[in-house]
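1. I'd like to go over a predicted model; first the sequence, then the structure.
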Amino acid sequence: MSLLPWLPWLLLAARGQPGPQGQEFPKGLLVIEGDAAQFVDRHMEPRHAVAVATVPKGSKRHDLLADLAEDEDLRHLLAIGVTFAKGRTSLMVQRYRYDRLRYEGKWTKSAIFSWLQEVAYPPVNHLPQFAPTKFLPDSESNTQVTRVT
């Protein structure tokens with residue numbers, strides 16, 4: 001199969017221009033009005049990751065998130081939305097069909113940028129723990145270590 005028929009669409013998508021269906025990734029920090037779950041559902045496709053932050057309006061963390069949301073590298077990975085509330089701040093990422101992840105690090109641009117890049121992708125071929133009974137047959141020769149000198 002040739003990619004030649006798709007080339008014009010791919011070039012437009014790489015530039016951030018609307019694709020064949022007129023879709024374009026939203027630019028900038030999106031303000032969540034109403035239910036955050038509806039915001040996540042609305043912005044989950046086609047990127048499969050949505051970040052939701054709760055910060056005071058006009059705070060340094062609000063400005064930091066606005067700067068991050070303008071970054072071209074992050075715009076194609078996930079949508080970033082914000083709700084405004086005084087008091088405790090939080091940053092959560094919801095990935096398609098995975099549990100929510102909460103940011104626990106320092107609120108610096110480089111730290112949050114690298115964390116968002118890392119968690120925007122779903123884990124692939126990730127085993128939480130190696131299962132020897134699944135991958136190794138039941139025999140004593142496989143459980144013993146042989147030293148070659």
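-> Sure, I can see it. From a predicted model like this one, the values you see are computed outputs, not experimental measurements.
2. show me where this structure dips below the pLDDT cut-off.
-> Along the chain, the parts satisfying pLDDT under 70 run over 1-23, 125-149.
3. quick one: the strands in it?
-> When assigned using DSSP state E, the strands of the chain occupy the ranges 30-31, 49-55, 79-84, 90-95, 101-102.
4. can I get those strands in a markdown table with mean neighbour count?
-> Using the backbone N, CA and C atoms, a C-beta is placed for each residue, glycine as well. Formatted as a markdown table, the strands of the chain follow (neighbours: other Cβ atoms under 10 Å):
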| stretch | mean neighbour count |
| --- | --- |
| strand 30-31 | 14 |
| strand 49-55 | 23 |
| strand 79-84 | 20 |
| strand 90-95 | 19 |
| strand 101-102 | 12 |
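5. could those go into CSV alongside distance to residue 67?
-> What follows is the strands of the chain, written out as CSV (distance: least, Cβ to Cβ, whole Å):
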stretch, distance to residue 67
strand 30-31, 14
strand 49-55, 13
strand 79-84, 11
strand 90-95, 14
strand 101-102, 21
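6. and of those, who's closest to residue 124?
-> In this view, these are compared for proximity to residue 124 by Cβ to Cβ, and strand 90-95 is the closest at 11.9 Å.
7. which strands and helices lie in contact with the closest one?
-> The helices and strands touching strand 90-95, judged by 3 or more Cβ pairs under 8 Å, 6 or more residues apart in numbering; DSSP states H and E, are strand 49-55, strand 101-102, helix 109-119.
8. which one of the strands of the chain lies nearest to residue 62?
-> In terms of Cβ to Cβ, the element of those nearest to residue 62 is strand 49-55, at 4.8 Å.
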